[in-house]
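Novice: what's the 3D shape of this:
(one chain, ligands or ions: 1)
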Amino acid sequence: MNREALDELKHQIPLMGYLQANDWQPARPLSRGRWMGLCPLHEDHQPSFLVDPNKDLFYCYGCGRGGDVIRFAELYHQVRFPQALAMLCQWRGVAPLLQETARFYGIQLHRHSEAVAYLHQRGIRSPELIEHMRIGYAPGGCLRGWLMQLGYTLPALCQAGLVTAVGYDSYSHRIVFPLEGNLYGRSISLSAPPHRFLPGSKGGLYGWEQARLCPEVILVEGLFDYAVLWQAGFRNITCSLGTRLNARQLRQLCEGTRTVYLAFDADFNSSGQQAAQCLSQSLRERGIPARLVSLPDGHDPSSFFVGGGNAHEFHRLLEEASL
Ligand SMILES: [Zn+2]
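Specialist: Reported below is the predicted structural model:
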């Protein structure tokens, strides 16, 4: 990438917007439109991170690091310069495209009875929940045409991962959940791999904006777990999309003081429980009280509710959760 292209990229991704999309919050204003806030690059307790939106530069008085949006992406995601560039390019191009895709798939859901039937089978019925999670359906074979008609080019769709190299829709016969900067697709047929994401990061914790305000948070590993809990009236829930948290998700969970209830799968090979054990230990090392919710053998929160469990019973599991 030459000098001009770099300047163009930086111009298109204002530092402040990128920081805020990554959960950074300005704490207090300074002169000339600059802001101070907690440093997202080191464990900061007093705002020492200065941002100048006019110059698109940052500097931290705590860890002494500073630079532009590319430098920030390098440090924040712990990647080298070329990878940081690739991440930023992807971020720049993909956001509006994903919005459009989510909207399209949302419309498809109610046009395909097999998708609605699958949701029912997974215990999902509430229209409010479908709207809250923006659940959609990818029938396959129609997204590409729709997006190209809107002016998106085939290479852009391929680069985002929405269309395969040979030109087919990547998501086919899948229930889809829009994530921040990604799209999760759960296959409704047994012949395809169950889970699919777009290339790139799965993003931060799902539903964190709402959950972060709660003194007690329930962490689940799958979006269907999140869905049934939300439908049962729980609002202090968040989802890590797998048992392995990325650095950003761990950071989110550890900012502030809260108790974390880990409600991972009680699968027969106990991998979910092992992951929960490890995570609870690393949370405690960071001063976050963590509790392990023990579901009946072979269950995850989703199957617990589908199998007839209710909010009252789940509350009891939370009360009984061990340290
Ligand atoms: Zn710092």
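Novice: what does the stretch 51-200 of the chain put close to the ion?
Specialist: 60, 62, 63 (C-beta under 5 Å from the ion). For the C-beta atoms, the positions are set from N, CA and C on the backbone; glycine is no exception.
Novice: of those residues, select the buried ones using a ChimeraX command.
Specialist: If you want just the buried ones from these in ChimeraX, going by 16 or more other C-beta atoms under 10 Å, the selection is:
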select :60,62
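Novice: the residues of the stretch 51-200 of the chain next to the ion in helices, which ones?
Specialist: Among those, no member is found in helices (DSSP state H).
Novice: now render the residues of the stretch 51-200 of the chain next to the ion as TSV, adding pLDDT.
Specialist: TSV is the format used below for those (pLDDT from 0 to 100):
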residue	pLDDT
60	97
62	96
63	96
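Novice: after whichever strand or helix holds residue 272, which helix or strand is next?
Specialist: Here residue 272, judged by DSSP states H and E, is contained in helix 271-285. Next along the chain after helix 271-285, taking DSSP H and E as the criterion, comes strand 290-292.
Novice: and residue 99, how many neighbours?
Specialist: Residue 99: 12 surrounding residues under other C-beta atoms under 10 Å.
Novice: gap between the spatially closest residue to residue 275 that is not a sequence neighbour and the ion?
Specialist: Nearest residue to residue 275, sequence neighbours excluded (C-beta to C-beta, 6 or more residues apart in numbering): residue 243, at 3.5 Å. Separation of residue 243 from the ion (C-beta to the ion, to the nearest Å) stands at 30 Å.
Novice: hmm, residue 270 and residue 243 touching each other?
Specialist: No - using C-beta atoms under 8 Å, residue 243 is not in contact with residue 270, being 11.4 Å away.
Novice: looking at those two, which one has more neighbours?
Specialist: Neighbours per residue (other C-beta under 10 Å) separate residue 243 from residue 270, with residue 243 holding more: 19 against 13.
Novice: and that one, that one's in a strand?
Specialist: No - checked against DSSP: H, G, I helix; E, B strand; the rest coil, residue 243 lies outside a strand; its state is coil.
Novice: tell me the secondary structure for the closest residue to the ion within the stretch 151-300 of the chain?
Specialist: Proximity of the stretch 151-300 of the chain to the ion (C-beta to the ion) peaks at residue 251, 12.9 Å away. Using three-state DSSP, the structure places residue 251 in helix.
Novice: coming back round to it: so what secondary structure elements neighbour the helix holding residue 272?
Specialist: helix 247-254, strand 259-262, strand 290-292 (3 or more C-beta pairs under 8 Å, 6 or more residues apart in numbering; DSSP states H and E).
Novice: from the chain's centre, how far out does it sit?
Specialist: Computed by C-alpha atoms, centre = their mean, to the nearest Å, the separation of helix 271-285 from the middle of its chain amounts to 20 Å.
Novice: what's the answer for stretch 26-46, then?
Specialist: 24 Å.
Novice: quick check: end-to-end length of that stretch?
Specialist: 12 Å (C-alpha to C-alpha, to the nearest Å).
Novice: list of residues touching it?
Specialist: With contacts defined as C-beta atoms under 8 Å, 6 or more residues apart in numbering, stretch 26-46 is touched by 16, 19, 22-25, 47-54, 60, 62-63, 65, 75-76, 251.
Novice: out of those residues, which sit inside strands?
Specialist: Of the positions in those, 49, 50, 51, 52, 60 sit in strands, assigned by DSSP state E.
Novice: give me the neighbour count for the first one.
Specialist: It refers to residue 49. 25.
Novice: find the nearest non-adjacent residue to it, please.
Specialist: residue 39 (3.9 Å).
Novice: shouldn't that neighbour be within a strand?
Specialist: No - read with three-state DSSP, residue 39 is coil and lies in no strand.
Novice: next one: it from residue 288, what distance?
Specialist: In this view, residue 39 and residue 288 are 19 Å apart by C-beta to C-beta, to the nearest Å.
Novice: more crowded one of the two?
Specialist: The residue with more neighbours, out of residue 39 and residue 288, is residue 39; 22 against 19, by other C-beta under 10 Å.
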